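In: Would you be able to build a 3D model of this:
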Amino acid sequence: MVHVLCLCFLLAGEVESLLTKKQIEKRTEVAHLENYDVALMLVGRTFRHRSIKHGKIADRDLTINDLTGEEEEGEYDTELRETFKEDVWSNQIKMLIAPLNATVAEIGGTPMKKHQSVDVYLCIDAQLSSTPPEVSQVFVVHAKSQDQRGAACLSKVRSNGRSYSWFIAVRPDFVFYKPFPDMASFNPGYVYTRLRKAQGIGGLTSDHFSFNVCTPSCNGDPLGAIGYVNDDMIRVVPWALIDFAFNVDGVPSSNRSLQFPTTWVTLYDNVMQEGRLTKFWVDHGVLTMPLACPGYPHHDRFNHRHLSKPCSRTPVIKLACGANATFESVHKSLA
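Out: Predicted coordinates:
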């Protein structure tokens, strides 16, 4: 039986051992799993608009749609754009939870019945007025970052003795354009995320990107580079790699099993959380694959919805990406 954990960004735990070369080599052995359990965790905090801070909306009236996946910044979230009429939770039930609970999948090319159960965890900074019936458990954790919050919540899940096949961490304000991908073809040797930046890699579309989405060009730099920067809004982690689900301390490994080549794209890890997460995974021997999951954060500073909507139904093929390497060859450059 395969178990999947979907966590929407709140976990606190320690990274244990580095992956061995044998474990890395076994990534090529794709396992098509008939039965699996998924842990889905929504990791975030209360959206601090002035009506809440000034008492016009009491804490007892806070709902799941009042949550954001943005990092902790300032007294008010005045810079964040928000479409107040949007029912994010209904979207996540339809586009995320329902597909994860699908009962039929193609296993090994043959339509088969599939038992798949999903436990939904909410990892936030305050109690809600009511908990949606789809949520299995709520954890209230105060933290300096969403990765720290997610790690603390994941630690609580693991202390209960529960294990899964997969763990999915998602922002509580993420709006999906399409149903979540069928996980039957996912390889349990890799973490899956969208891409914040990529260059020199072929076979990608706008569905794989979180930024510069609808342009036909890849967005990594310099132009001659080859590599990627992971996005952190959604992460799909096999349970075997659960120790590396969140970048808690930001300290690089002193015994790296993988290293970036000089031709890798610029990480911008001094200013970007996504760059730090990418470095954390590579330092600890964790390889990732691109996740085709178009959508946008309900709260953001960069107008993601407006910029991604033109290609939300029909993805744009990323043709101008440079070297057109496969992800497998890009991974080999890290060894």
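
In: Quick one: name whatever helix or strand follows the longest strand along the chain.
Out: The longest strand of the chain (DSSP state E) is strand 227-238. Toward the C-terminus, strand 227-238 is succeeded by helix 273-283 as the next helix or strand (DSSP states H and E).

In: pLDDT score assigned to residue 86?
Out: The score at residue 86 is 77. That number is its pLDDT.

In: pLDDT on stretch 192-209, on average?
Out: The model assigns stretch 192-209 a mean pLDDT of 98.

In: again, but for stretch 322-335
Out: Averaging pLDDT along stretch 322-335 yields 94.

In: Next, the angle from the longest helix along the chain to helix 273-283.
Out: For the chain, the helix reaching the highest residue count under DSSP state H is reported as helix 146-159. For helix 146-159 against helix 273-283, the angle by axes from the mean of the first three to the mean of the last three Cα atoms, to 10 degrees is 50 degrees.

In: which residues pair with residue 201 across the strands?
Out: residue 325 (DSSP bridges).

In: again with residue 175
Out: If you apply DSSP bridges, the partners that residue 175 bridges to are residue 296.

In: residues contacting it?
Out: 86, 88, 91, 295-298, 305 (Cβ atoms under 8 Å, 6 or more residues apart in numbering). (Each C-beta comes from the backbone N, C-alpha and C, glycine too.)

In: Give me the packing partners of the next helix or strand after the longest helix of the chain, helices and strands only.
Out: On the C-terminal side of helix 146-159, the nearest following helix or strand under DSSP H and E is strand 166-170. With contacts taken as 3 or more Cβ pairs under 8 Å, 6 or more residues apart in numbering; DSSP states H and E, strand 166-170 sits against strand 6-7, strand 36-43, strand 227-238.

In: Residue 291 and residue 236 touch, don't they?
Out: Yes. At 6.4 Å, residue 291 counts as touching residue 236 under the criterion of Cβ atoms under 8 Å.

In: Compare these two (neighbour count), which wins?
Out: residue 236 (27 against 22; other Cβ atoms under 10 Å).

In: Retrieve the pLDDT associated with the more buried one.
Out: At residue 236, the pLDDT value in this model is 98.

In: Can you list phi and psi of the closest residue to it other than its chain neighbours for me?
Out: Closest residue to residue 236 in three dimensions, ignoring its sequence neighbours and counting by Cβ to Cβ, 6 or more residues apart in numbering: residue 192, at 4.0 Å. Phi and psi for residue 192, reported as degrees, to the nearest 10, are phi -120, psi 130.

In: Residue 192 - how many residues pack around it?
Out: Using other Cβ under 10 Å, residue 192 has 22 other residues around it.

In: quick revisit: quick one, which of the helices and strands packed on strand 166-170 is packed in tightest?
Out: Across these, averaging neighbours per residue (mean count of other Cβ atoms under 10 Å) puts strand 6-7 on top, at a mean of 30.

In: Any stretches of the stretch 51-200 of the chain with poor pLDDT?
Out: 51-60, 73-85, 103-116 (pLDDT under 70).

In: can you pull the buried residues of stretch 316-332?
Out: Judged by neighbour count (16 or more other Cβ atoms under 10 Å), stretch 316-332 contains these buried residues: 316, 318, 321-322, 325, 327, 330-331.
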